[in-house]
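A.B. asks: Next input, structure requested:
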Amino acid sequence: MQIAALIMAAGRGTRTGDILPKQYKELEGKTILRWTLRPFLNHPKIASVRVVIHPEDQERYEAAISGLSLGKPITGKDSRQASVLAGLEALAPDAPELVLIHDAARPFVDAGIMDRIIDALQACDGAIAAIPETDSLKYAENGRILRNVPRDGLWRALTPQGFHFQPILKAHRQTAGMNLTDDAAVAEQAGLRVQLVSSTEENFKITHADDFRRAERLLQRSVRQTRSGIGYDVHRFAPGGSVILCGVEIPHDRKLSGHSDADVALHALTDALLGAVARGDIGQHFPPSDPRWKGAPSDVFLRHAGDIVRKMGGEIINLDVTIICEAPRIGPHRLAMQQRIEEILELSSGRASVKATTTETLGFTGRGEGIAAQALAVVSVPA
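C.D. replies: Have a look, this model is predicted:
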């Protein structure tokens, strides 16, 4: 079955408060139009995608769709209804069986909505994405409520709106100049049967500045991924007078033995961060055979791992380290340790957690032979 998508981008759409038409404003480095096109171009059942644009927007359009496989843009008219008719007429010479008509300012449509519309078209003339009304509705004049409006059976009509091609083309030709609200109204005027299918709240139309900010938040979540890494390290005790844990020196009757300052907790944290972004382990970045790192403070290692995350466009969400030992006591130093980790990585307060436990005198830590640490790092990175 041949299915085409017609993306309506001919409007001026300046109610977001910007002179630039909203479909050409950028979200996370891409125009709204490009975000909107992506799910249609990726849908396996949609054979062709055409865009209806304003005659003054040719250069903006070319820049927005650079690198995408699209048919020639279609020049729109003075109204949306007339622009849809122009788009349908442009498709007519190689007419598809079905057509999905969608607003360029709805960038969060998903494949599931399209599938439900396509499936519904097996039994009806048209099918549109919609959401049942759940809020209380009031009828008012001059800001004064006159009566309640029952919401039972009321739906908000969205796009995509899908139709069998020839009937909707005929309907648009018949209703030209009537200024109907959407393509479903055009179809209904022509006596076509139109079915509602469920949409999602995310499939909203960007109209005002608040919508733009909502879209930014949604895209930031959708174009990033949360990843985690685990680190583990062990160092044995040696003669000395203090240990360094999480960058904090703690008096003790021994020290930890290692090539660097043997900060077992920061080593585990470093490995956790490197693991979260798949960048190896601490030994690859700071080989113990390299004399440069003999006696080095371990904050150098942790800061390096943090820099790698940031250079990838990532953000450290939280860090959690557990120190495993019988002695020294960690509790009195926990706050200082957490603050030191946050200072090294330039994190806001509350991103780092330090805990301690014993092994109830079992194993090498229980026998007081050394200290172990395990750590978890959670980061957000571009998808």
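
A.B. asks: And the helix or strand harbouring residue 365, what's buried?
C.D. replies: Assignment of secondary structure by DSSP states H and E places residue 365 within helix 363-366. Of the residues in helix 363-366, residue 365 count as buried by neighbour count, 16 or more other C-beta atoms under 10 Å. In this view, the C-beta of every residue, glycine as well, is placed from N, C-alpha and C.

A.B. asks: Kindly report the same for stretch 299-319.
C.D. replies: Neighbour counts over stretch 299-319 (16+ other C-beta under 10 Å) mark 299-303, 305-306, 308-309, 314, 316, 319 as buried.

A.B. asks: among the residues you listed, which one has the lowest pLDDT?
C.D. replies: By pLDDT, residue 314 ranks lowest within those, coming in at 89.

A.B. asks: Alpha carbons of the helix holding residue 365, in CSV - could you do that?
C.D. replies: Provided in CSV are the C-alpha atoms of helix 363-366 (Å, rounded to 0.1, in the frame of the first residue of the first chain):
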residue,chain,number,x,y,z
GLY,A,363,38.0,-11.7,54.5
PHE,A,364,41.1,-9.5,54.0
THR,A,365,39.3,-6.3,55.0
GLY,A,366,38.0,-8.1,58.1
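
A.B. asks: Does residue 372 belong to a helix, a strand or coil?
C.D. replies: Under the three-state scheme (DSSP: H, G, I helix; E, B strand; the rest coil), the conformation of residue 372 reads as strand.

A.B. asks: Tell me what it is bridged to.
C.D. replies: Per DSSP bridges, residues listed as beta-bridge partners of residue 372: residue 234, residue 324.

A.B. asks: shouldn't it be in contact with residue 365?
C.D. replies: Yes: Residue 372 is in contact with residue 365 according to C-beta atoms under 8 Å; the separation is 5.6 Å.

A.B. asks: quick revisit: quick one: which of the buried residues of stretch 299-319 is nearest residue 273?
C.D. replies: Proximity of the buried residues of stretch 299-319 to residue 273 was ranked by C-beta to C-beta; the top entry is residue 305 with 3.9 Å.

A.B. asks: show me the contacts for the nearest residue to that closest one once chain neighbours are set aside.
C.D. replies: The spatial neighbour of residue 305 that comes closest, neighbours along the chain excluded (C-beta to C-beta, 6 or more residues apart in numbering), is residue 273 at 3.9 Å. Contacts for residue 273 (C-beta atoms under 8 Å, 6 or more residues apart in numbering) come out as 229, 231, 302, 305-306, 308-309, 316, 319, 377, 379.

A.B. asks: helix/strand/coil for residue 195?
C.D. replies: Recorded secondary structure, residue 195: strand (three-state DSSP).

A.B. asks: Of the buried residues of stretch 299-319, which is the nearest to residue 260?
C.D. replies: Nearest to residue 260 out of the buried residues of stretch 299-319 is residue 301 (C-beta to C-beta; 7.4 Å).

A.B. asks: Could you say which helix or strand holds residue 301?
C.D. replies: Taking DSSP H and E as the criterion, residue 301 maps to helix 299-311.

A.B. asks: Report all helices and strands that that helix contacts.
C.D. replies: In this structure, helix 299-311 packs against helix 264-276, helix 282-285, strand 315-324, helix 334-345, with contacts taken as 3 or more C-beta pairs under 8 Å, 6 or more residues apart in numbering; DSSP states H and E.

A.B. asks: can you give me the offset of the first one from its chain's centre?
C.D. replies: Taking the mean C-alpha point of helix 264-276 and that of its whole chain, the gap between them comes to 26 Å (C-alpha atoms, centre = their mean, to the nearest Å).

A.B. asks: If anything else comes up later, I'll come back, but that's it for now.
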